[in-house]
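>>> I'll drop the sequence and a predicted model, then ask my questions.
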Amino acid sequence: MFAVFPLSANQAIITGSGGTIITTKDKGQNWQIQRLPEVDWVRDISFISEDEGWIIGNWLDIVNQQSESNIFKTSDGGISWQKLDINLEIDFSVYRLHGIEFLNSQMGFLLANPKSTIPDEQAPYPGLFFITEDGGMKWTQMDIGISRKYHQIVFIDSLTGFLLSQPYYSNYDFEESQLHRTTDGGKTWSTFPDSGFGRINFVNNSVGWAGNFRTTNDGESWEYRKFNFPPLESTIDRIWFTDSITGYAISDRTILKTVDAGDFWSIQTKVPCGFLQDIKFYNSQIGYACGYGGTIFYTSDGGENWYRYGEGITNNLQDVDFIDKNDGWTVGYYGTILHTNNGGNDWEKQILPEECDSIYIRGVDFIDNETGWVAGAGYILKTENGGKDWFVQLKIELSEPTGCIRDIKFLNENIGFAVGQESIDGPGFHYQTSDGGINWQRADHGDLPFPLDEIYFVDNDYGWICGKYTLLSTQDGGQNWTREYCDVFLRCIQFTDHEHGWMSAIDEGAFYRTEDGGKTWTDVPYKNRYYHFMNSFHFFNNNQGIAASWLFCDILSTKDGGLSWSQEERLPPARLNAMTFVNNSLGWAVGTNGTILKFQGSYFDTNNSIYTSYNLTESGVSIYPNPFNPITTITFSLPKASQVKTEVYDLTGRFVTVLCDRHYPAGTYSVQFDGSVLASGIYILRSRMVSTENPGKSQVFTRKMMLMK
């Protein structure tokens, strides 16, 4: 939740990602939650009464590189919203709507800004300023003589208003922000000589604040106040004053208050989870704060006491492990360890030692119902009673706060592995234990230049570790490791047997597959790979797998070993970071904002056997010559009549051409690929052959081809 708007002593609206709008009319005792269609987030909101208001909704289609901004209106206090047909002449490939302010039911102002910073001062994209006099149906663009970005607009009466602006080449820099004033309803504007103004909020028509600046004379002049904040975990994000001396501020998970115009700030409360994003007060007593994970806090006594609405954990969850259909654990930010003993129907937070109660926990691994380990920040902890008690086994002094133990895996009660990073881009490390974690030995000798991210063992001998530009493998249970370097940041790795494995990479959504135990890896093209980076995945066998994409929160499935993927579901705004399955039809996934999903069922036809019983060998598809210039011949042999579709992709996964898509009798056939109009480079040939007699039996081949001109 990004922004809160108190409308009365009882009523408030809070907006967030995914087009989420939640409203209360009884001080938060009950909330209505809704999502606006084709809206990614609500940018700004303006109400002239408890019932009538307007919001800006922004939407971005990254796949098709399209974006749009719309205005929605409510006449019932936010219970329902109507999209207005505004017909603005704006290039939404460059601009998005940014701010809105209505004076009454007819007159309002609208701001639009470029979507990204434009450093080229020879081609500026300043903000756009619009006015309406018919309730927002028709908007007229005005030239107000301020060639900057427009950050916020506030009116204190029908004539007097204030505009906060930034240089058009800047995102938001307090040092360069300026404040402008109008006294004729927005027709003309004057600029104050100072800079460094912040968010505007007026207590009444006379008293107002704009960051560190205060006015007590209707905004005719502004006095700079130095704010003396206590040491905090981060900078102050939002400030809100309720009178000339009483104000509130938020910093990550901290709420502060001043009663002397900022000379001294006291910490009122630390919220247990979710970074705070906004704080506002309706009057001197009633206020709200909101933040990540749907976090909402309310006070009715001027901040002396803050009450959280809702239950549960909203911290990001990073890993999950189930040992059977009932017992499971998930871990995440701020020392979060949750345990279930009924298949995820209920979760109980487990208690860590005091020194670890707020650390970032990245990995969890249990070998039975009682014995398990968690790792994160610079700690490894163990439990021997199902998590009722945890004790520290290893503490590592990391070079930077961004350092972390990223993953932990145990083969049995004695042999375990832990990997991580000294800092976010610093060297990696690799620890091993042979006595259940009583002693941990550094296994990498300090010679890993890049972070390590994930461990996977298919049995007690064969294991792999992946990370940034790095892949390690062992065939003797970790006694010896072979190191390889690659040119991508590997994120996840899994093998179903000694030969078949998959890896995903952050870089451009790369996805790799091996059929020879990692001796060679094939970069597999798939649709929209730039936008579907596989943040987590699980293969049930050599053919069938499920993946969760990084950006769109999609659940994808494959039936051909990862060569092609289909979308199964689109989730609410939450990114899945890890998944685990106890069998082919029961699993769990965890992710951002406390998301826990349980999967029961199957995306797959259990009779579908893709690579088996088709009797096509590796020589079933051949390419000659290869490399070639500019024509090569693809030959394939069919033991039975089949439908054959052969396609070509480039290395980014973009489709190039179809070479054939037709029925063939049994026999040997050839098709040609002409690359005369293409650039030199490596291309991927994908040929899928489906038996006519038994459509459930098929095979897919991929081959690399090199065009050299």
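On my side now, so go ahead.
>>> now stretch 300-309: mean pLDDT?
Stretch 300-309 shows a mean pLDDT of 88.
>>> give me the buried positions along that stretch.
Buried residues in stretch 300-309, counting neighbours by 16 or more other C-beta atoms under 10 Å, are found at 302-303, 306, 308-309. To be clear about C-beta, it is placed using only N, CA and C from the backbone, and glycine gets the same treatment.
>>> adding distance to Tyr485 and secondary structure, write these out as CSV.
Converted to CSV, the buried residues of stretch 300-309 look like this (distance: C-beta to C-beta, whole Å; DSSP: H, G, I helix; E, B strand; the rest coil):
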residue, distance to Tyr485, secondary structure
Gly302, 59, coil
Gly303, 54, coil
Trp306, 50, coil
Arg308, 47, strand
Tyr309, 50, coil
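>>> for Ser75, state which of those is nearest.
Checking these against Ser75 with C-beta to C-beta, the nearest one is Tyr309 at 25.8 Å.
>>> which residues touch that closest one?
28, 31, 296-298 (C-beta atoms under 8 Å, 6 or more residues apart in numbering).
>>> please redo it, this time with the cut-off set to 7 Å
Taking C-beta atoms under 7 Å, 6 or more residues apart in numbering, we find Tyr309 in contact with 28, 296, 298.
>>> got a winner among these for most neighbours?
In terms of neighbours by other C-beta atoms under 10 Å, the contacts of Tyr309 top out with Ile296 at 23 neighbours.
>>> chain center to the host helix or strand of that one: distance?
Assigned by DSSP states H and E, Ile296 falls within strand 295-299. In terms of C-alpha atoms, centre = their mean, to the nearest Å, the centre of strand 295-299 is found 24 Å from the chain centre.
>>> please name every helix or strand in contact with it.
In terms of contacts (3 or more C-beta pairs under 7 Å, 6 or more residues apart in numbering; DSSP states H and E), strand 295-299 is packed against strand 287-291, strand 307-308.
>>> ok so, going back, of the contacts of Tyr309, which is the nearest to Leu678?
Ile296 (54.6 Å).
>>> coming back round to it: what angle sits between the strand holding Ile296 and strand 287-291?
Computed by axes from the mean of the first three to the mean of the last three C-alpha atoms, to 10 degrees, the angle separating strand 295-299 from strand 287-291 equals 170 degrees.
>>> least reliable of the helices and strands packed on strand 295-299 by average pLDDT, please.
strand 307-308 (a mean of 84).
>>> quick one: the spatially most central residue of the chain and Glu568, what's the gap?
In the chain, the C-alpha nearest the mean C-alpha coordinate belongs to Arg575, at 5.2 Å (C-alpha atoms, centre = their mean). Taken as C-beta to C-beta, to the nearest Å, the spacing of Arg575 relative to Glu568 amounts to 16 Å.
>>> name the SS class of Glu508, please.
Secondary structure state of Glu508, per DSSP: H, G, I helix; E, B strand; the rest coil, is helix.
>>> that one: neighbour count?
Neighbours of Glu508 (other C-beta under 10 Å): 13.
>>> okay, it and Val154: tell me how far apart.
43 Å.
>>> Thr330 against Asn315, yeah?
No - the pair Thr330 / Asn315 is not scored as a contact, 10.4 Å apart, by C-beta atoms under 7 Å.
>>> ok, the most far-flung residue of the chain relative to its centre - contacts?
Here the chain reaches farthest from its C-alpha mean at Gly667, the gap being 49.7 Å by C-alpha atoms, centre = their mean. Neighbour list for Gly667: Leu638 [criterion: C-beta under 7 Å, 6+ apart].
>>> could you chop this structure up by domain?
The record's domain parsing of the chain by automatic domain parsing lists 85-203, 319-538, 539-608, 618-707.
>>> let me have the ones you listed in CSV, extended by mean pLDDT.
Converted to CSV, those look like this (pLDDT from 0 to 100):
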stretch, mean pLDDT
domain 85-203, 86
domain 319-538, 90
domain 539-608, 81
domain 618-707, 81
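>>> thinking again about what came up before, what comes into contact with the strand holding Ile296?
Contacts for strand 295-299 (C-beta under 7 Å, 6+ apart): 1, 14, 27-28, 271, 273-274, 276, 287-290, 305-310, 314.
>>> parallel or antiparallel, list what pairs with that strand.
Here strand 295-299 is paired, per DSSP bridges, with strand 287-291 (antiparallel), strand 307-308 (antiparallel).
>>> now do stretch 321-338: distance from first to last residue.
End-to-end distance for stretch 321-338, by C-alpha to C-alpha, to the nearest Å: 11 Å.
>>> okay, buried residues for that stretch please.
For stretch 321-338, by 16+ other C-beta under 10 Å, it's 321-323, 327-338.
>>> what's across from the residue farthest from the centre of the chain in the sheet?
Assessed by DSSP bridges, Gly667 has beta-bridge partners Leu638.
>>> related to what we said a few turns ago, just name the most buried of the helices and strands packed on strand 295-299.
strand 287-291 (a mean of 26; mean count of other C-beta atoms under 10 Å).
>>> what does that one contact?
1, 4, 6, 12, 14, 248, 250, 255, 274-281, 296-299, 303.
>>> distance between that strand and the chain's centre?
Mean-position distance between strand 287-291 and its chain equals 22 Å (C-alpha atoms, centre = their mean).
>>> quick check: longest strand of this protein.
Across the chain, the strand with the greatest residue count (assigned by DSSP state E) is strand 482-495.
>>> what packs against it?
strand 452-457, strand 463-474, strand 501-505, strand 534-539.
>>> in it, what counts as buried?
486, 488-495.
>>> same deal with stretch 95-108?
95-103, 107-108.
>>> in TSV, list these along with distance to Trp481 and secondary structure.
Converted to TSV, the buried residues of stretch 95-108 look like this (distance: C-beta to C-beta, whole Å; three-state DSSP):
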residue	distance to Trp481	secondary structure
Tyr95	53	strand
Arg96	49	strand
Leu97	54	strand
His98	52	strand
Gly99	56	strand
Ile100	58	strand
Glu101	62	strand
Phe102	65	strand
Leu103	69	coil
Met107	70	coil
Gly108	65	strand
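>>> can I get these in JSON lines including distance to Gly185?
Output for those, formatted as JSON lines (distance: C-beta to C-beta, whole Å):
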{"residue": "Tyr95", "distance to Gly185": "24"}
{"residue": "Arg96", "distance to Gly185": "25"}
{"residue": "Leu97", "distance to Gly185": "21"}
{"residue": "His98", "distance to Gly185": "20"}
{"residue": "Gly99", "distance to Gly185": "17"}
{"residue": "Ile100", "distance to Gly185": "16"}
{"residue": "Glu101", "distance to Gly185": "12"}
{"residue": "Phe102", "distance to Gly185": "13"}
{"residue": "Leu103", "distance to Gly185": "8"}
{"residue": "Met107", "distance to Gly185": "8"}
{"residue": "Gly108", "distance to Gly185": "11"}
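>>> nearest to Asn460 among those?
Looking across the buried residues of stretch 95-108 and measuring by C-beta to C-beta, the closest to Asn460 is Arg96, at 54.4 Å.
>>> how is the closest residue to that closest one other than its chain neighbours classified with respect to secondary structure?
Once flanking residues are discounted, Arg96 sits nearest to Ser69: 4.8 Å by C-beta to C-beta, 6 or more residues apart in numbering. What three-state DSSP gives for Ser69 is strand.
>>> identify the bridge partners of Ser69.
The partner residues for Ser69, given DSSP bridges, come to Asn58.
>>> Gly18 versus that one, what's the distance?
Look at Ser69 and Gly18: by C-beta to C-beta, they are 16 Å apart.
>>> tell me how far the ends of stretch 76-96 are from each other?
First residue to last in stretch 76-96 (C-alpha to C-alpha) measures 26 Å.
>>> that should have said stretch 270-285, apologies.
Termini of stretch 270-285 sit 19 Å apart (C-alpha to C-alpha).
>>> the spatially closest residue to Glu568 that is not a sequence neighbour is in what secondary structure piece?
In space, Glu568 comes closest to Ile555 once its chain neighbours are excluded; the distance is 4.7 Å by C-beta to C-beta, 6+ apart. Taking DSSP H and E as the definition, one finds Ile555 inside strand 554-558.
>>> list the buried residues in that strand.
By 16+ other C-beta under 10 Å, the buried positions in strand 554-558 come out as 554-558.
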